[in-house]
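In: Test case, fold it:
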Amino acid sequence: MISKNGFQLSGHETFVLRRLWLPKVFRYSNKMVKAGLSPNFSGEAPMIDLGLGKNMLSSARFWSIASGMLDKKEVRPSQLAELLFNENGLDPHCASVTTKWLVHWKLSSSPSSLTIFWFLFNQVNKPIISRESLYEAFKIFVQKYYPRKASDNTLKRDVEIVLRSYLPVVSAKSDGLIEESLDTLLTGLDLLAFFSKDSIVIRREERKSINNWLFAYSLMDFWEHIEVSLSSLSFIQIAHDLGSPGRVFKLDEDSIVNRLEALETMTNGALIWTEQSGLKVLTRTKQALSDPENFKLYLLKKAYGVSDE
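Out: You can find the predicted model right below:
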């Protein structure tokens with residue numbers, strides 16, 4: 001079921017998410033909060049502090065909220081941002097591939113972040129799709145579910161922003177990538193590739209750069225969105241439901257099974273994968289069931305190589 005209130009169109013000011021924007025916004029907003037002030041993203045002061053122009057500043061704020069690094073209502077750093085970007089955080093300079101996958105997960109697992117991201121990775125089932133076909137499909141989808149009228153230009157800009165976020169942009173005047181591609185946070189994930197000049201390929205693959213701890217974290221996050229009290233998930237839900245790790249990460253079925261089989265040993269029996277009489281089920285017990293938020297925190301720290309304390 002798709003909520004008509006859970007949409008987000010535009011807001012990015014046509015700028016893709018740059019690699020250093022999230023830690024920059026975190027440090028600025030964290031400094032303001034510690035000084036007893038509400039983070040302000042208008043005027044010259046934040047522009048000077050972050051080294052960004054007016055529209056880029058607005059875009060950086062938008063992406064920080066969309067990725068779950070800033071609280072949308074209070075516009076202050078989230079617990080996740082503090083865990084990642086504090087001076088002694090898990091990834092203070094946003095350099096880890098795990099952070100890239102985590103941000104992709106946050107942007108693409110729910111339509112409320114930026115709907116085109118969720119749409120591309122959850123609603124598009126064709127392995128090859130043209131820019132125009134993607135735009136037309138997105139337009140039909142928005143017209144059906146979005147409660148307000150959205151302009152064609154808004155939808156086209158959203159389609160372009162999701163493609164520019166993942167695809168390398170080649171300069172027509174040289175053989176190299178233009179600066180935006182080199183600085184874009186999500187380009188190196190190889191989720192999308194060019195099939196032709198105007199078409200892209202989206203394949204389900206093993207995705208070796210996603211470690212099993214982050215996969216387990218995304219599973220728990222997905223579980224929470226479905227129903228926090230559920231004690232089990234089916235393989236179909238994990239691999240193919242909207243917002244599932246299988247869809248959002250574009251994982252093939254064999255690699256999903258391999259990851260699920262590893263979870264019981266990894267989590268000391270908190271997550272257990274069973275296959276009996278054709279039924280494939282993941283069950284959660286112990287802390288995964290009784291205290292899912294702290295269990296997610298444990299999984300995320302492990303994803304960054306933090307040893308058990």
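In: Quick one: residues contacting Val228.
Out: Going by Cβ atoms under 8 Å, 6 or more residues apart in numbering, Val228 touches Pro292. For glycine as for every other residue, the C-beta is placed from the backbone atoms N, C-alpha and C.
In: Kindly report the same for Leu20.
Out: Per Cβ under 8 Å, 6+ apart, neighbours of Leu20: 93-94, 183.
In: let's go with 7 Å and repeat that
Out: If a contact means Cβ atoms under 7 Å, 6 or more residues apart in numbering, then Leu20 has Cys94 as its contacts.
In: Tell me the buried residues in stretch 119-126?
Out: 119-122, 124 (16 or more other Cβ atoms under 10 Å).
In: Need the mean per-residue confidence for that stretch.
Out: For stretch 119-126, mean pLDDT is 96.
In: Identify the residues contacting that stretch?
Out: Applying Cβ under 7 Å, 6+ apart, the contact partners of stretch 119-126 are 108, 134, 137-138, 141, 162, 202, 242-243, 247-248, 250.
In: Which of those residues fall in helices?
Out: 108, 134, 137-138, 141, 162, 247-248 (DSSP state H).
In: of those residues, closest to Ser290?
Out: Among these, Val248 lies closest to Ser290 (Cβ to Cβ), at 26.2 Å.
In: So that closest one is in contact with Lys106, correct?
Out: No: Val248 is beyond contact range of Lys106, at 9.7 Å (criterion: Cβ atoms under 7 Å).
In: Tell me which residues of stretch 48-59 come out buried.
Out: By neighbour count with 16+ other Cβ under 10 Å, stretch 48-59 contains the buried residues 50, 52, 56-59.
In: Go through the residues you listed and flag which are in helices.
Out: Using DSSP H, the buried residues of stretch 48-59 in helices are 50, 56-59.
In: coming back round to it: return the closest of the ones in helices among the contacts of stretch 119-126 with respect to Leu114.
Out: The closest of the ones in helices among the contacts of stretch 119-126, once distances to Leu114 are taken by Cβ to Cβ, is Val162, at 7.7 Å.
In: Tell me how many other residues surround the closest one.
Out: For Val162, the neighbour count with other Cβ atoms under 10 Å is 25.
In: Next: Glu205.
Out: Glu205: 13 neighbours (other Cβ under 10 Å).
In: who's in contact with it?
Out: Glu205 touches 250, 252, counting by Cβ under 7 Å, 6+ apart.
In: any weak-confidence spans in the stretch 201-309 of the chain?
Out: 308-309 (pLDDT under 70).
In: and with 80 instead?
Out: 228-229, 277, 307-309 (pLDDT under 80).
In: which stretches of the protein form strands?
Out: Along the chain, the segments classed as strands by DSSP state E run 128-130, 193-196, 199-201, 232-234, 271-276, 279-284.
In: can you give me the offset of the first one from its chain's centre?
Out: Right, strand 128-130. 22 Å (Cα atoms, centre = their mean, to the nearest Å).
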